[in-house]
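K.L.:
no sequence for this one, just the structure:
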Ligand SMILES: Cc1cc2nc3c(=O)[nH]c(=O)nc-3n(C[C@H](O)[C@H](O)[C@H](O)COP(=O)(O)OP(=O)(O)OC[C@H]3O[C@@H](n4cnc5c(N)ncnc54)[C@H](O)[C@@H]3O)c2cc1C
């Protein structure tokens, strides 16, 4: 699908191969508009420029003036890190790599030819519309959250936050936690998978429990998980839940789904596996709702069937299997890879490589690999990690865990949470964010 389209054909691969090294002096071999400047979008924009020798023209459209990282945001909730440590600007991507950055929200994507080789992207900036034209569009808008049924009229003082998209809510949840009194209860709920950052909710439960243990005597965290058990790093989070904290500080309840929320009384009603209903009252209520592909992915008709929350892609290129010419990367794509920033960065590189190859008349890499690595703090000084190497499996057309070096076919987690891992976490974060934004 990726190679049969006419824009490559009209130039011819031989002439493209000649044009490629001439870089800035030549007309671009192709134009790409990237929607969303998060972990996946910023990476694909940078690597499209870098790996094409600047022969691909890239426009990066982001609605915010800077990126706020979800990664590490749980440590901002507990006041261990500052909000500003989560901010990343687009200046380097513009200056060093020659990416055109547009501040605005993409409102529409229109296909201009029958093959998907020509697109018009409509951007709204403060109500003013502008357009960009390109041969490929990469959608990287992250996720949008489902509405949780409300049984009351919420008052401003009873805001129920998810803080699962870092930004204002992260700081608000930090304030709610800091204002808790000894003996009070922090209730959090975990949506059914697939959700963004499999270890993230357990990480939050742990660092909040640690914060309460050190600062608010007698206060507790109650965790209600829609899944039947801990979905990632089960050994280390199980150890943290049971040994570091224990039920007097942290209670974990699997197979409990949110039915509704009463914001005014900060009560969440949960359904257990048998369908019985359990109202639970909180002092701080942190409901992470189920989520799905970003709104623009739904609007482009890529994930709007009632039972399809994310956009199906060919993972050798991250091109939509529904609409050739559109690529979907990061959390919005439906793959066997976990929804994580590190993985979004890796998938973006597979996508960038495939687009450059397509512009030059080549097939995508038939056997791409991707690495997943994630550090998880479980207290203010201890952290664990989880890692896996994925490879494309032609038999299933999906990425499977297959580490050619170790032979491993399963994700590996740290033997135990340690202070050493906590130190390495800082290096990993800096390296990942540098690879994405600098
Ligand atoms: C608490 C928490 C902790 C986490 N910890 C980790 C971790 O330790 N390791 C890890 O690997 N992952 C972690 N994650 C997951 C990680 O943050 C996400 O998987 C990752 O950010 C997804 O990248 P993305 O590019 O798909 O989306 P995002 O990073 O959310 O970026 C999407 C961008 O698109 C923009 N956008 C959306 N729609 C439009 C539009 N129409 N027009 C213009 N711009 C638009 C948004 O403003 C946003 O900047 C964590 C997540 C959370 C919530």
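P.N.:
It's in. Because the structure is a prediction, the values reported are computed rather than measured.
K.L.:
what count of nearby residues applies to whichever residue of the stretch 201-350 of the chain sits closest to the ligand?
P.N.:
Residue nearest to the ligand within the stretch 201-350 of the chain (CB to the nearest ligand atom): residue 330, separated by 2.2 Å. (C-beta placed from N, C-alpha, C; glycine too.) The number of residues packed near residue 330 is 31, by other CB atoms under 10 Å.
K.L.:
for residue 366, same thing?
P.N.:
Residue 366: 8 neighbours (other CB under 10 Å).
K.L.:
residues contacting it?
P.N.:
316, 392, 394 (CB atoms under 8 Å, 6 or more residues apart in numbering).
K.L.:
quick revisit: thought the residue of the stretch 201-350 of the chain closest to the ligand was touching residue 40?
P.N.:
Yes: using CB atoms under 8 Å, residue 330 is in contact with residue 40, at 2.9 Å.
K.L.:
any residues in contact with both of those two?
P.N.:
140, 344, 347-348.
K.L.:
out of the residues you listed, which are buried?
P.N.:
In those, burial by neighbour count holds for 140, 344, 347-348, counting by 16 or more other CB atoms under 10 Å.
K.L.:
closest to residue 124 among those?
P.N.:
Nearest to residue 124 among these, counting by CB to CB, is residue 140 at 17.8 Å.
K.L.:
excluding sequence neighbours, find me the nearest residue to that closest one.
P.N.:
Excluding its sequence neighbours, the residue lying closest to residue 140 (CB to CB, 6 or more residues apart in numbering) is residue 41, at 3.3 Å.
K.L.:
just the pLDDT for the one you found.
P.N.:
With respect to pLDDT, residue 41 scores 98.
K.L.:
burial of it, as a residue count?
P.N.:
Residue 41 has 26 nearby residues by other CB under 10 Å.
K.L.:
quick one: it is in a strand?
P.N.:
No: counting by DSSP: H, G, I helix; E, B strand; the rest coil, one finds residue 41 to be helix, located in no strand.
K.L.:
from the ligand, how far out is it?
P.N.:
As defined by CB to the nearest ligand atom, to the nearest Å, residue 41 lies at a distance of 5 Å from the ligand.
K.L.:
okay, and residue 392 sits in which element?
P.N.:
According to DSSP states H and E, residue 392 maps onto strand 383-393.
K.L.:
name every strand pairing with the next helix or strand after that strand and say which way it goes.
P.N.:
Once the chain leaves strand 383-393, the next helix or strand it forms, by DSSP H and E, is strand 398-401. Within its sheet, strand 398-401 is paired with strand 383-393 (antiparallel), according to DSSP bridges.
K.L.:
export the buried ones among the shared contacts of residue 330 and residue 40 to a markdown table and tack on secondary structure, pLDDT and distance to residue 366?
P.N.:
As requested, these are exported to a markdown table (DSSP: H, G, I helix; E, B strand; the rest coil; pLDDT from 0 to 100; distance: CB to CB, whole Å):
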| residue | secondary structure | pLDDT | distance to residue 366 |
| --- | --- | --- | --- |
| 140 | coil | 98 | 24 |
| 344 | helix | 98 | 22 |
| 347 | helix | 98 | 16 |
| 348 | helix | 98 | 19 |
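K.L.:
sorry, back to before: can you tell me which two in the shared contacts of residue 330 and residue 40 are farthest apart?
P.N.:
140 and 347, at 9.4 Å, using CB to CB across the shared contacts of residue 330 and residue 40.
K.L.:
who touches both of the two?
P.N.:
Common neighbours of residue 140 and residue 347 (CB under 8 Å, 6+ apart) are 40, 329-330.
K.L.:
how long is stretch 134-152 from one end to the other?
P.N.:
The stretch stretch 134-152 measures 47 Å between its terminal residues, going by CA to CA, to the nearest Å.
K.L.:
buried residues in it?
P.N.:
134-145, 148.
K.L.:
so which of these also contact the ligand?
P.N.:
140-142 (CB under 6 Å from any ligand atom).
K.L.:
just those now: which is nearest residue 93?
P.N.:
Distances from residue 93 to those, taken by CB to CB, are shortest for residue 140, at 13.4 Å.
K.L.:
give the contact list for the closest one.
P.N.:
Residue 140 touches 34-38, 40-41, 44, 328-330, 332, 344, 348, counting by CB under 8 Å, 6+ apart.
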